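**Student:** Make a model of this:
(one chain, ligands or ions: 2)
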Amino acid sequence: MPEVIETQQLTKTYEGGYFARQDVHALKSLDLAIHRGEIFGYLGPNGSGKTTTIKMILGLIFPTSGTIRVMGREDIASADVRRKIGYVPEGAYYPDFLRGEEVLRFYGQLYGLGGKDLEKRIDKVIDIVGLGHARKRLVRGYSKGMRQRVGLGQALLSDPDVLILDEPTTGLDPLARKEIRDILASLRDGGKTLMISSHELLEVELISNRVAILYQGQLRTCGTIDELLTDRDTTIEASGLTPEALEKMKQAGISAEDVVNGRGLLRVPKTMSLYEAMDACRQAGLAIGSVAPRRETLEELFVRIVGTARREELASATA
Ligand SMILES: Nc1ncnc2c1ncn2[C@@H]1O[C@H](COP(=O)(O)OP(=O)(O)OP(=O)(O)O)[C@@H](O)[C@H]1O
Ligand SMILES: [Mg+2]
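**Tutor:** Ligands and ions are numbered 1, 2, ... in the order given. This next block holds a predicted model:
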């Protein structure tokens, strides 16, 4: 089965005009493959080329070179391929003199839907995005979270197989973010494929199956969350860390950090089993609060990858 979205050597150069004198190499030879039924997190600092990639996949701008396939097809601008992709743009504006359901009707008509089919689809979409209580209210009075739901609803009208979301949770409060995250995860569980570009790394870590990190138009890393986030030492939150207990832990090969009033964090080296570590704690008379396997966070990975890329860039500029 073909990949849902596949790019090969995809390159985009914005040519410098009168005001922008220099060409901008927004994307350089990008090879990307998005698998069916996954949430793919597309990450990178500002200006790294995420929106440029998305606009090319949608056929809104044209590649300078390279190819894009959507479900194996290269004619991505054709109406039936476009209908398979729903798009929620970054910070979308919806006419705020309309009611929520009117916005959806307007977009549905643009998609060529109408009559009873459209009304049924609007009901279905409103149900999916949870806007039932506010469908008859003017968009003017909507919160950012509700506007985002309208955007999501608009993208779902044609029941697309693929959803592309540019910054879906930016500016939302934690509860609204969780609600949007839950909707996205259930769409994935229902069989849709999602590509999400975002700077909210915790959000992306919580729902993505795979992520890619872009820097200055180049792909720096791509893989599943499990492949990319490296394991580190397990930590144990413990109390009863007297100077004698600390000495015993040190002898056992376990270091302690942030010790205040006898409470602190023990760092268990990867080579030691949890059983051994607990045994050492018991012998030192410690009380254990919690045990956390210490995996790198997506934010740490991002800082590591982008930091390395920046250093390489500086080194090659000064060489
Ligand atoms: N229409 C355009 N003309 C010229 N340059 C452009 C145009 N659109 C984008 N760029 C440039 O291309 C590069 C990539 O921009 P893009 O918007 O794809 O980045 P992004 O990763 O989406 O950034 P952000 O996280 O800020 O949304 C940037 O240097 C940007 O200034
Ligand atoms: Mg962008």
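
**Student:** how about the strands in the stretch 201-319 of the chain?
**Tutor:** 210-215, 218-224, 234-239, 255-260, 263-268, 287-292 (DSSP state E, counting those that start in this stretch).

**Student:** Packed most tightly, which of those would that be?
**Tutor:** strand 210-215 (a mean of 24; mean count of other C-beta atoms under 10 Å). Every residue, glycine included, has its C-beta placed from N, CA and C.

**Student:** who does that strand pair up with?
**Tutor:** Each strand paired with strand 210-215, and its direction, by DSSP bridges: strand 39-43 (parallel), strand 218-224 (antiparallel).

**Student:** near ligand 1, anything from that strand?
**Tutor:** No. Shown here: strand 210-215 not in contact with ligand 1 (C-beta under 6 Å from any ligand atom), separated by at least 6.7 Å.

**Student:** is any part of that strand close to ligand 2?
**Tutor:** No. Strand 210-215 lies apart from ligand 2 when judged by C-beta under 5 Å from the ion; the minimum separation is 10.6 Å.

**Student:** could the strands of the stretch 201-319 of the chain go into CSV alongside mean pLDDT?
**Tutor:** What follows is the strands of the stretch 201-319 of the chain, written out as CSV (pLDDT from 0 to 100):
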stretch, mean pLDDT
strand 210-215, 98
strand 218-224, 97
strand 234-239, 93
strand 255-260, 93
strand 263-268, 94
strand 287-292, 91
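
**Student:** Looking at the ones you listed, which is nearest to E179?
**Tutor:** Judged by C-beta to C-beta, the one of those that comes nearest to E179 is strand 210-215, at 22.0 Å.

**Student:** picking that back up, how about a markdown table for the strands paired with strand 210-215, with distance to I128 added?
**Tutor:** Below are these laid out as a markdown table (distance: least, C-beta to C-beta, whole Å):
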| stretch | distance to I128 |
| --- | --- |
| strand 39-43 | 16 |
| strand 218-224 | 27 |
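
**Student:** where does K250 sit relative to ligand 2, distance-wise?
**Tutor:** Shown here: K250 relative to ligand 2, a distance of 49 Å by C-beta to the ion, to the nearest Å.

**Student:** Ok, I76 next?
**Tutor:** 20 Å.

**Student:** repeat for K136
**Tutor:** 33 Å.

**Student:** isn't that residue right next to E102, touching?
**Tutor:** No. Between K136 and E102 there is no contact under C-beta atoms under 8 Å: 9.0 Å.

**Student:** Turn the strands paired with strand 210-215 into JSON lines, columns for distance to ligand 1.
**Tutor:** Compiled in JSON lines, the strands paired with strand 210-215 are given as follows (distance: least, C-beta to the nearest ligand atom, whole Å):
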{"stretch": "strand 39-43", "distance to ligand 1": "9"}
{"stretch": "strand 218-224", "distance to ligand 1": "12"}
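
**Student:** Out of the ones you listed, flag the one nearest ligand 2.
**Tutor:** strand 39-43 (9.8 Å; C-beta to the ion).

**Student:** now the helices for this structure?
**Tutor:** 50-57, 79-82, 100-110, 115-129, 144-156, 174-189, 201-207, 225-228, 243-252, 274-283, 298-318 (DSSP state H).

**Student:** any idea how far the fourth one is from the chain center?
**Tutor:** With C-alpha atoms, centre = their mean, to the nearest Å as the basis, the distance from the averaged C-alpha position of helix 115-129 to the chain average is 27 Å.

**Student:** Over to the first one?
**Tutor:** A distance of 15 Å separates the centroid of the chain from that of helix 50-57, by C-alpha atoms, centre = their mean.
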